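Undergrad: Here is the input, now give the coordinates:
(2 chains)
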Amino acid sequence: MTTIGLQHYLVVSSILFSLGLFGIVTRKNAVMVLMGIELILNSANINFIAFARFGNFGFDGQLIALFVIILAAAEAAVALAIVLNIYKNFSTVNVDEIDKLKE
Amino acid sequence: MNLADFLFYFFAVITVVSAFLVVTFKNIIYSAYSLLLTFLGVAGIYVLLGADFIAIVQVIVYVGGILILILFGVMLTNKIQNVPIKTEASFIIPASITIGAFGGILVSTFMNTRWKSMPAELAVSTLGDVGKLLMNEYILIFELLGILLLVALIGAASIARKQ
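TA: Residues are numbered from 1 along each chain as shown, chains lettered A, B, ... in the order given. Purely as a prediction, here's the structure:
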């Protein structure tokens, strides 16, 4: 444990992944579920960049992390539009109560 | 402990503690602001890993874009005037046990694996190399992502608009 190595970054990302999974599983608000997904995407990105740095693979890992960030932006926009639509139709964003595809 | 180690622990503690607060706060507005700290901590970790451009993109896209979208989503889907913005949670105890075990397995796997680690020399700035790769080898993905963002923008607008 003298200097910071690959394992330290991997441990941080695995803790972030577990917390994101915990948020997705336990919270009932659909927006909270989205926040959990963002935490998981961030932990995957830390893994990509850590392996790119310590595996000496060049910049490919960083570019994949960049693509993940772009996909997360698109996903957040579409998912929040869907959540707004669900709120308009059901007057709730509780994911336990939304069990119909159409009214 | 030199400065880089200290900075790593600083950003790691910020990231993990604020991510823990994100999933435990009852008030969803507090969760959203805690998520801001998580994203900033992750950006700091990117800088320590020598990915300066990705760190800037993280701050711009996540903190400036996605978090604002999430705050809009919170405010548009809660009756702020009448009801306190609380969110319920379910299955806390079984989820804590299962995910605690899962996280423990994940961490012990990462700690016990003998990774072949050979750190690259830190580049002064990755901006030029990332730009060249983006315009040469990854040009197809780059263009496809542009189309994807356009489709997502139009799709989100058409889903969310009033009928």
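Undergrad: Can you report how many residues neighbour A:L39?
TA: A:L39 has 26 neighbouring residues, counting by other C-beta atoms under 10 Å in any protein chain shown. C-beta here means a position set from N, CA and C on the backbone, and glycine is covered the same way.
Undergrad: Which residues outside stretch B:126-145 are in contact with it?
TA: For stretch B:126-145, contacts defined as C-beta atoms under 8 Å, 6 or more residues apart in numbering or on different chains pick out A:58-60, A:62-63, A:66-67, A:70-71, B:50-54, B:123.
Undergrad: Which members of the residues you listed are classed as buried?
TA: A:F59, A:Q62, A:L63, A:L66, A:F67, A:I70, B:G50, B:A51, B:D52, B:F53, B:I54 (16 or more other C-beta atoms under 10 Å in any protein chain shown).
Undergrad: For B:L67, state which of the residues you listed is nearest.
TA: Of all the buried ones among the contacts of stretch B:126-145, A:I70 has the smallest distance to B:L67: 15.9 Å, by C-beta to C-beta.
Undergrad: what are the ranges of the helices in chain B?
TA: Listed in chain order, the helices found in chain B under DSSP state H are B:3-24, B:28-48, B:52-57, B:67-76, B:92-112, B:127-135, B:139-160.
Undergrad: Keep only those of the buried ones among the contacts of stretch B:126-145 that are in strands.
TA: Among the buried ones among the contacts of stretch B:126-145, none falls in strands (DSSP state E).
Undergrad: Dump these to CSV, plus distance to B:K162 and pLDDT.
TA: Formatted as CSV, these follow (distance: C-beta to C-beta, whole Å; pLDDT from 0 to 100):
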residue, distance to B:K162, pLDDT
A:F59, 44, 84
A:Q62, 41, 90
A:L63, 39, 92
A:L66, 35, 93
A:F67, 33, 94
A:I70, 28, 93
B:G50, 47, 86
B:A51, 42, 88
B:D52, 42, 89
B:F53, 39, 91
B:I54, 38, 93
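Undergrad: State the pLDDT value of the most centrally placed residue in chain B.
TA: With distances taken as C-alpha atoms, centre = their mean, the residue of chain B nearest its centroid is B:F39 (5.0 Å). Note on B:F39: pLDDT of 94.
Undergrad: excluding its backbone neighbours, what's nearest it?
TA: Leaving aside its chain neighbours, B:F39 sits nearest to B:Y62 (4.4 Å; criterion: C-beta to C-beta, 6 or more residues apart in numbering or on different chains).
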